[in-house]
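Novice: no sequence for this one, just the structure:
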């Protein structure tokens, strides 16, 4: 298996008789930017949970390169290079913007190393660069609690960048953003892709169009359609799911 | 009046020597002597079979027999005092005291005298008395009584008493007969009698051993059944204590460390009701049934005050609620201590809650615990019904599931919160009524139950009343099964450690339901 | 969890300086106490024996409060069983003190403590071996609470038991330990526990010198503990702890093993509590299973809440002020002190969610 | 005020604890004039409050009474009440506070053995004087403590002797039930040795311990029933403590164990404990004490009258530890009068040989072993919650605080 490839095969998840994922198969190549859309309850978030180890699949294979993700916990998967941005932005309110990024910075994660940690100058410069990139350079010392909604989203994306992940999972990054912020976010994500794979789950079709990459449509826990945004939008099954009932 | 008394006394003084030859009277005088003399007198009076002895002996047993300084016996009946022998009114004297030995002798003597009494209860008691104070002299008496006896229960007891008496008969055949009959009983007392007989009759060792083995087999089954009952009983107490918590903690997510104090308030309400009713004879027997709703109302009112006044400011911060209610618990405890005193308060058990009930197979269960098991189940049933079938229950469930939507549909969530908490507190108060029947009523009453209650709720599954019930009974029975070989303390520790390990494996408990706490 | 925890107060530099100054001043006054005690009784600055003695005790409580604050205020682990770690540390030193009595006991037995002799024991149980050596006892005072916390924490954190559930489990732990230590068959003296200590490290315990030495040992340990906690909370580990407290799952997705982070701080906290207990026992002269009672642990948590959790000064302030109030009220108003203390707990949780330290912060925001 | 507590400054800055000026902690000046201070060290809250509050009231009553008589040595008495809250280390702290801050001349206090053990080093170090009014396991003798309750030979052994006598029911099989702490453990060890010496084999002795506040007695009472079914007359000796007695007696009553069949004798159940129970099913069960409220005689009449007019609640009873407190107080007052000072060493010497006509109806004397000679009485529970005295010793018995039934006492250091 090629390093950095995410590979889901026949993944099913059953919660108390409810099938959240139904034999889902999906491959994300290294460096790919992929948008995933689907109606409510299609299994988008469950899919993310499976990849990041929050939920265990009932059946199927989940691999990242040669690693079997079903056997690893969240922390180990994150260390492997899979980062996740949640639907609701979660940053650490009690810490400053700078400290949030510092925590995310790729560095030894065990308690002892954390205790003895001194921020090296190179890392400081990286954090500062990222701050600039996400447009929060002037808020570095502010506590995350006082950021605006959009700023929190960016901070979270910034934290993902600090993790230097090979694969980024982004859940509804532009929900609740102004148009201007949405545009800024799309540009940010496009910039990030290329160096690493990015999977974006989104409702906003305009935003997906703005990303301009391959789209996968999920429905009832399985892949309904896949291809460019235009192709997908004209797929009758997709139209039925979105507009039909 | 005084003149009349004097005349009477004079008359009696004159009359006494006239009846001196009466054996009964001479004997009866011994009742006012020392304990040794009393025992002897009681035994002789019993053997004499004179019916006049009956009221005297009964009075002696019930502390109604009095004596004057000169040794004259007086009988007290419903507040009036008469001379025991002459039946003439007299001034009260000093109560004749007895001790356990006299009481034991009384039981035998009364047994002999009452074996053919008209009341079935008296005959039953008589048979039991003769069983305990067995003597070969009783054999003919018992045989006669048996021949006349119709009530099957009394017959059975008389047969046992007869067998026991035969065990000490001179005739070996009678003894063998006695052994055989006793081997058919399942009681520990019969076993004890046989063991005594074994020491006295080496020749009869074989049949006695066989009889003991037969009894032991039955005793084993009986003990197993009783252990299960004890477990159910402990479980019912845990259930009562935990049920209110299952609502306040399980449904609302409020960690109420003052829950134990709610139970305590319920118990004190019982005391208050009882004391209020004491002066009114026709009300007195109803004090316990009346206490149940009274305790519910009192603790529910305290619950409302607590919720509206304090707890509602801390919703969403369960750990702070925990600390605050701990402080509230301290205050409630000290308040009760200052108001009612630190000493235990007495709660009288009604007659129908005292003593034991014999089930088939000689399994005996204590009445009060049986009632408490039933009460716990009834309270559980009421709680489930209130949540399932009432408007309040519907609103409560709606608020638990989605507070915002419930509010938009016009449910006054604040009121529902207050009522739910009051409901849980009220149930704790009802638990207090039951606990007043088995435990101390003191300001510390609640402290002993709070941790157990939390463990039951967590073990059973937060938010599930069925889980609470199954959890409580499981813990009760496991505890009682462990107790005989581990001792009370180790059994309890084992159960605690067991629950801790269980929660590690199933953090949501036996039955996981959704509720605010469950989503933590 | 996120809604339930207070934020780490971030004080303006001046405020931080004042706090630090207060902390230093407090420690300095403590350090001077035994010296002030030497002054003649009618001197203006004389500190009575009683004040020196209760201050020593309060310092041990302060270490317990510090330990709880580290776990609760920083990492969001509310243990209602920290009294157990404190008591275990105390028992370890208590066992050493009992061994040191030696033949000076009432029955003159060379090895067995008195309570074992009059209960008819003939041999020292194996778990008493080694406690005649002070370093071993001190090691145990730290290791036993640490190991217990490690075991409990590992089981609980691994199965993601948090919040209220964790609190209830820790409460059950201390309750079970209390029941166990009450048993005379355990070989820890049952309800009476250990008393009548004679000496420690060659010092006779009932002398002014020994008391001063113990006082300074407590002061040094407390200062050391404060420094350690300060270093820890200001390191990146401290920030990880705060992050775990506010959004544990997010930390996990950042690649931190929250189990090992929480476990290490929980174990450290338990060891601190154990050290506090180890100092407490020679100072008060008794250790018994009452120390395991769940109420004690809750009370200690409340000290932290009163002072202000999430700040080290707050924990110390809470421990000292609540205990001072308690000492005062149990003599001044023996019938009513529970109302006052209970009322204080209610008022603090309702009106001062950040404790006394929060008052200062409020002032700053205005 | 200059002796302000050092932490109060920080607390004041903190705000809410501004009341921390700790006026009560100001050291009082050592005085040879002015009031005589009497420390009262009984728990007013927590688990022991149930027993100890009555003793606090007794001491306050005695102080009031003594003041009405003009005090002692022309000085008024002043009680200093503190609440050690059933917390043993707090007992030690409060003892130190009483001695060092309040400079008390004498202290009446403690109930549990552990509380006494906790304060003992403090009293010895500061040479204070403690009167301890509760029956206990013995094996102790401090020069700073006067023990006015019973030692095991003044309670337990005579009681068991009675059970084995004809009057007591000739028991030949004994169930020793106790709460798991040092008093029952030691008492039962002494009793076992005593029973063995009377020819009762270990197989005929059942020993069971339960935790404090044990409330579920079903299993143990069943076991006693089984134990009693072995063909020998059986009796229960209960050293069950405090709160656990009510549920125990309820269970005895409900399981139909009558005193005629299996009598029980208790060492920790008095009038006060019975006040919380419906005693009708318990008539005939026994308790052994050195005093019962039902004792007849002028001394007891005076004591009861004094209590009734002090407490103003007809339901409140007197009991043995209260009588021991009363007797101890009287003795101390006599000793101070005799020594003409409250100085501890002088009072101690004056205490030896001090005699009081106690409410028990006997003249009790303080011996050099710091223990009182006391009569032993056995009472049967009556329906009204009182005891009917069925047996009492002819004289007051001297205490053997070091029991001859504990073999290790033979090689005890001669220090005591």
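Specialist: Yep, it's here. Computed from a prediction, not measured in an experiment: that's the story for all the values here.
Novice: Look up how far chain C lies from residue A:212.
Specialist: Per Cβ to the nearest Cβ, to the nearest Å, residue A:212 is found 28 Å from chain C. No exception for glycine: its C-beta is placed from N, CA and C like everyone else's.
Novice: In contact with that residue, which residues are there?
Specialist: Counting by Cβ atoms under 8 Å, 6 or more residues apart in numbering or on different chains, residue A:212 touches residue A:229.
Novice: At which residues are the helices of chain D located?
Specialist: Per DSSP state H, chain D carries helices over the ranges D:7-14, D:49-68, D:88-96, D:113-125, D:156-164, D:182-197, D:218-227, D:245-254, D:271-274, D:298-311, D:320-339, D:344-351.
Novice: could the ones you listed go into TSV alongside mean pLDDT, distance to chain B and mean neighbour count?
Specialist: Listed next are these as TSV, based on pLDDT from 0 to 100; distance: least, Cβ to the nearest Cβ, whole Å; neighbours: other Cβ atoms under 10 Å in any protein chain shown:
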stretch	mean pLDDT	distance to chain B	mean neighbour count
helix D:7-14	36	18	21
helix D:49-68	92	4	21
helix D:88-96	90	15	26
helix D:113-125	90	16	24
helix D:156-164	90	10	22
helix D:182-197	89	14	22
helix D:218-227	88	4	21
helix D:245-254	84	4	24
helix D:271-274	85	6	24
helix D:298-311	94	10	16
helix D:320-339	94	12	24
helix D:344-351	93	31	17
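Novice: pLDDT below threshold where in chain A?
Specialist: A:1-2, A:243-245 (pLDDT under 70).
Novice: Residue in it with the shortest distance to chain D?
Specialist: Closest contact between chain A and chain D, by Cβ to the nearest Cβ, is at residue A:94 (22.4 Å).
Novice: swap in the stretch 301-450 of chain B?
Specialist: Closest contact between the stretch 301-450 of chain B and chain D, by Cβ to the nearest Cβ, is at residue B:344 (2.5 Å).
Novice: isn't that residue right next to residue D:274, touching?
Specialist: No: with contact defined as Cβ atoms under 8 Å, residue B:344 and residue D:274 do not form a contacting pair (9.2 Å).
Novice: In terms of pLDDT, where does the residue nearest the centre of chain B sit?
Specialist: In chain B, the residue lying closest to the centroid (Cα atoms, centre = their mean) is residue B:368, at 4.1 Å. Predicted confidence (pLDDT) for residue B:368: 85.
Novice: go on, residue C:155?
Specialist: pLDDT, residue C:155: 90.
Novice: got it, and residue B:425?
Specialist: With respect to pLDDT, residue B:425 scores 94.
Novice: Starting from chain A, give me the distance back to it.
Specialist: Taken as Cβ to the nearest Cβ, the span from residue B:425 to chain A is 33 Å.
Novice: circling back to that earlier point, contacting residues around the residue nearest to the centre of chain B?
Specialist: B:349, B:353, B:354, B:437, B:438, D:250, D:254.
Novice: For the residue of chain A closest to chain D, grab phi and psi.
Specialist: Taking degrees, to the nearest 10, you get phi -80, psi -10 for the backbone angles of residue A:94.
Novice: Just give me the neighbour total for it.
Specialist: Using other Cβ atoms under 10 Å in any protein chain shown, residue A:94 has 22 other residues around it.
Novice: so how far is residue C:310 from it?
Specialist: 8 Å (Cβ to Cβ, to the nearest Å).
Novice: For the stretch 351-500 of chain B, which segments are assigned as helices?
Specialist: Ranges of helices in the stretch 351-500 of chain B, per DSSP state H, counting those that start in this stretch, are B:367-389, B:391-401, B:403-408, B:413-435, B:447-460, B:465-505.
Novice: Nearest residue to the residue of chain A positioned farthest from its centre in space, please, no chain neighbours.
Specialist: No residue in chain A sits farther from the centre than residue A:116, which is 30.4 Å out by Cα atoms, centre = their mean. Leaving aside its sequence neighbours, residue A:116 sits nearest to residue C:235 (Cβ to Cβ, 6 or more residues apart in numbering or on different chains; 7.4 Å).
Novice: looking at it, residue B:319 is touching residue C:78, isn't it?
Specialist: Yes: contact criterion Cβ under 8 Å: residue B:319 and residue C:78 qualify, at 5.2 Å.
Novice: Who has more neighbours out of those two?
Specialist: Taking other Cβ under 10 Å, residue B:319 and residue C:78 do not tie; residue C:78 has more neighbours (26 against 22).
Novice: Grab the nearest non-local neighbour of residue 150.
Specialist: Unless you meant another one, I'm taking chain A. Residue A:150 sits nearest to residue A:181 (Cβ to Cβ, 6+ apart), 4.2 Å away.
Novice: wrong one, I was asking about chain C
Specialist: Residue C:150 sits nearest to residue C:267 (Cβ to Cβ, 6+ apart), 5.0 Å away.
Novice: Would you check how far apart that neighbour and chain B are?
Specialist: 17 Å.
Novice: swap in residue C:338?
Specialist: For residue C:338, the distance to chain B - Cβ to the nearest Cβ - is 4 Å.
Novice: OK, now which residue of the stretch 201-350 of chain D is nearest to chain C?
Specialist: Distance from chain C to each residue of the stretch 201-350 of chain D (Cβ to the nearest Cβ) is smallest for residue D:211, at 5.8 Å.
Novice: What backbone torsions are found at that residue?
Specialist: phi -70, psi 170.
Novice: Find the nearest non-adjacent residue to it, please.
Specialist: Nearest one to residue D:211, counting by Cβ to Cβ, 6+ apart, is residue B:489 at 5.0 Å.
Novice: Check what pLDDT the one you found gets.
Specialist: Turning to residue B:489, the model gives it a pLDDT of 83.
Novice: thought it was touching residue C:182?
Specialist: Yes: counting by Cβ under 8 Å, residue B:489 touches residue C:182, with 7.2 Å between them.
Novice: Overlap of the contact sets of those two?
Specialist: The contact lists of residue B:489 and residue C:182 share D:180, D:211, where a contact means Cβ under 8 Å, 6+ apart.
Novice: so the residue nearest the centre of chain C is in which element?
Specialist: The residue lying closest to the centre of chain C (Cα atoms, centre = their mean) is residue C:64, at 1.8 Å. Using DSSP states H and E, residue C:64 maps to helix C:49-69.
Novice: Next one: that helix, is it in contact with chain B?
Specialist: No: with Cβ under 8 Å from any Cβ of the partner chain as the criterion, chain B is not reached by helix C:49-69; the gap is at least 11.8 Å.
Novice: Apart from its chain neighbours, what residue comes closest to the closest residue to chain C within the stretch 51-200 of chain B?
Specialist: Residue nearest to chain C within the stretch 51-200 of chain B (Cβ to the nearest Cβ): residue B:188, separated by 28.5 Å. Excluding the flanking residues, the one nearest residue B:188 by Cβ to Cβ, 6+ apart is residue D:229, at 3.5 Å.
Novice: any idea of the pLDDT on that neighbour?
Specialist: 82.
Novice: What's the separation between it and residue D:176?
Specialist: Distance from residue D:229 to residue D:176, by Cβ to Cβ: 18 Å.
Novice: got it, and residue C:90?
Specialist: To residue D:176, residue C:90 is 32 Å away according to Cβ to Cβ.
Novice: In terms of neighbours, single out the busier of the two.
Specialist: It is residue C:90, of residue C:90 and residue D:176, that has more neighbours when counted by other Cβ under 10 Å, with 30 against 22.
Novice: That one falls within a helix, correct?
Specialist: Yes: when DSSP: H, G, I helix; E, B strand; the rest coil is applied, residue C:90 is found to be in a helix.
Novice: Phi first, then psi, for residue C:199.
Specialist: Per-residue torsions, residue C:199: phi -150, psi 160 (degrees, to the nearest 10).
Novice: give me the beta-bridge partners of it?
Specialist: Note on residue C:199: beta-bridge partners residue C:204, judged by DSSP bridges.
Novice: Which residues are in contact with it?
Specialist: Residues counted as contacts of residue C:199 (Cβ under 8 Å, 6+ apart) are C:100, C:205, C:210.
Novice: repeat for residue A:53
Specialist: Residue A:53 neighbours (Cβ under 8 Å, 6+ apart): A:69, A:72, A:73, A:74, A:76, A:77.
Novice: Much appreciated, bye for now.
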